[in-house]
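Participant: 3D model of this:
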Amino acid sequence: MRAPGPAAPHGPPRVSERAHGLPRLDTDWTLDRPAADKAPIFAGENACSSTASSLNAGDAHALAQAQHGSAPDIAGQDRANPASLIGSAAMLLNWLGERRNDERFTRAAATIEDALDRAIASPQWRTRDLGGPLGTKAFGARVAALVAEVANAR
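Facilitator: Next up is the predicted model:
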């Protein structure tokens, strides 16, 4: 499925299904910051900036980042939602696995995404911005515990 917007030098962005039901913007716009900033627009109205992951990737290099801003107004307050950054790290692992033809990276990415899905699906494990009770540290700890559970079950 193609996303709306102008064509990039290396091709237009593509929207694909993303873990935890959110769309993902797949693009070969290598390290193009303006494209990354517009990802929620490309992803459509279902995008949730606190959980939308981002990966700017080319043939040889990739940059994973949270899709939302840095939120300096809540820095150090245990209020930021780390889901976007965790998901972006999983996307980077998947990219590495594909580029290096190494299933260890792709399995690790799938494990992290599965754990993230489970955390977001359970209201008691969500961060406050998603209607849950957890702060940044507790959410991160919960996702880490779920990663271990998912990895042990595979």
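
Participant: can you name the next helix or strand after the least confident helix or strand in the chain by mean pLDDT?
Facilitator: Taking mean pLDDT, DSSP states H and E as the measure, the helix or strand of the chain with the lowest value is helix 39-43, at a mean of 41. Counting by DSSP states H and E, the next helix or strand C-terminal to helix 39-43 is strand 53-57.

Participant: by contact count, what packs against the very next helix or strand once past that next one?
Facilitator: Downstream of strand 53-57, the first helix or strand assigned by DSSP H and E is strand 62-66. Helices and strands touching strand 62-66, by 3 or more C-beta pairs under 8 Å, 6 or more residues apart in numbering; DSSP states H and E, are strand 53-57, helix 83-100. C-beta: built from backbone N, CA, C; applies to glycine.

Participant: would you turn those into CSV with mean neighbour count and mean pLDDT?
Facilitator: Below are the helices and strands packed on strand 62-66 laid out as CSV (neighbours: other C-beta atoms under 10 Å; pLDDT from 0 to 100):
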stretch, mean neighbour count, mean pLDDT
strand 53-57, 23, 81
helix 83-100, 20, 93
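
Participant: out of those, nearest to W125?
Facilitator: helix 83-100 (10.6 Å; C-beta to C-beta).

Participant: could you give the angle of that closest one to strand 62-66?
Facilitator: If you take axes from the mean of the first three to the mean of the last three C-alpha atoms, to 10 degrees, helix 83-100 sits at 160 degrees to strand 62-66.

Participant: what's the angle from helix 83-100 to strand 53-57?
Facilitator: Going by the same axes, to 10 degrees, helix 83-100 makes 30 degrees with strand 53-57.

Participant: burial count for A121?
Facilitator: 11 (other C-beta atoms under 10 Å).

Participant: got the phi and psi for it?
Facilitator: A121 adopts backbone torsions of phi -70, psi -20, taken as degrees, to the nearest 10.

Participant: many thanks, we can stop here.
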